[in-house]
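Q: I need the structure of the sequence given here:
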Amino acid sequence: MVRLKALQELSLRNCRSLSRLSPYVGKLSFLRNLSTYLVGEERGFLLEELGPLKLKRDLHIKHTERVKSVNDVEEANMSCKQLNKLTLTRGRFREGKLEGNYKKVLEVLQPCNETQSLRVEGYDGARYPEWMSCSSFRYLTYLVFWD
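A: Numbering: from 1, shown residues only. You can find the predicted model right below:
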């Protein structure tokens with residue numbers, strides 16, 4: 001897929017059986033709309049692949065439990081994406097040693113100020129991430145913390 005250099009939109013809506021994307025999506029430098037990103041556990045499938053992309057509109061990031069490093073989240077540069085709607089989904093499988101890390105990951109996974117809709121699925125924290133108290137989310141009209 002990385003040979004599709006001019007690709008601007010990749011819609012994966014209703015692809016429920018999809019278990020992974022092609023590696024190195026971050027090399028699709030013209031990609032502006034990506035409906036779904038499935039986080040993997042090895043290079044080429046990490047969250048950091050989103051870093052160089054100038055994404056707009058809606059994005060659903062699945063398998064956020066696979067993010068092992070806060071550095072991957074920082075490299076993804078989510079606060080610079082112009083997303084209207086962001087959905088973060090955590091899988092049901094939860095491994096004890098990643099629990100504390102997941103809360104740190106959510107803390108760094110701050111959406112951009114223009115985000116209008118934010119849904120976090122699989123959230124089991126006792127408190128909200130610190131960025132939730134930021135007054136710059138003036139466009140946020142829809143907020144769901146589920147499960």
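Q: just checking, Val120 is part of a strand?
A: Yes. Val120 forms part of a strand when assessed by DSSP: H, G, I helix; E, B strand; the rest coil.
Q: isn't it up against Leu106?
A: Yes. If you go by Cβ atoms under 8 Å, Val120 and Leu106 touch, sitting 7.3 Å apart. Glycine gets a C-beta too; all of them are placed from N, C-alpha and C.
Q: what is the least confident helix or strand in the protein?
A: When the helices and strands of the chain are scored by mean pLDDT, DSSP states H and E, helix 99-108 comes last with a mean of 75.
Q: helices and strands around that helix, which ones?
A: Under the contact criterion of 3 or more Cβ pairs under 8 Å, 6 or more residues apart in numbering; DSSP states H and E, helix 99-108 touches helix 70-76.
Q: what's the helix it packs on packed up against?
A: In terms of contacts (3+ Cβ pairs under 8 Å, 6+ apart), helix 70-76 is packed against helix 99-108.
Q: the residue nearest to Ala6 when sequence neighbours are not counted: what's it in contact with?
A: Computed as Cβ to Cβ, 6 or more residues apart in numbering, the closest residue to Ala6 that is not its neighbour in sequence is Phe30, at 5.6 Å. With contact set as Cβ atoms under 8 Å, 6 or more residues apart in numbering, Phe30 has these partners: Lys5, Ala6, Leu7, Gln8.
Q: I'm done for today, thanks for sticking with me.
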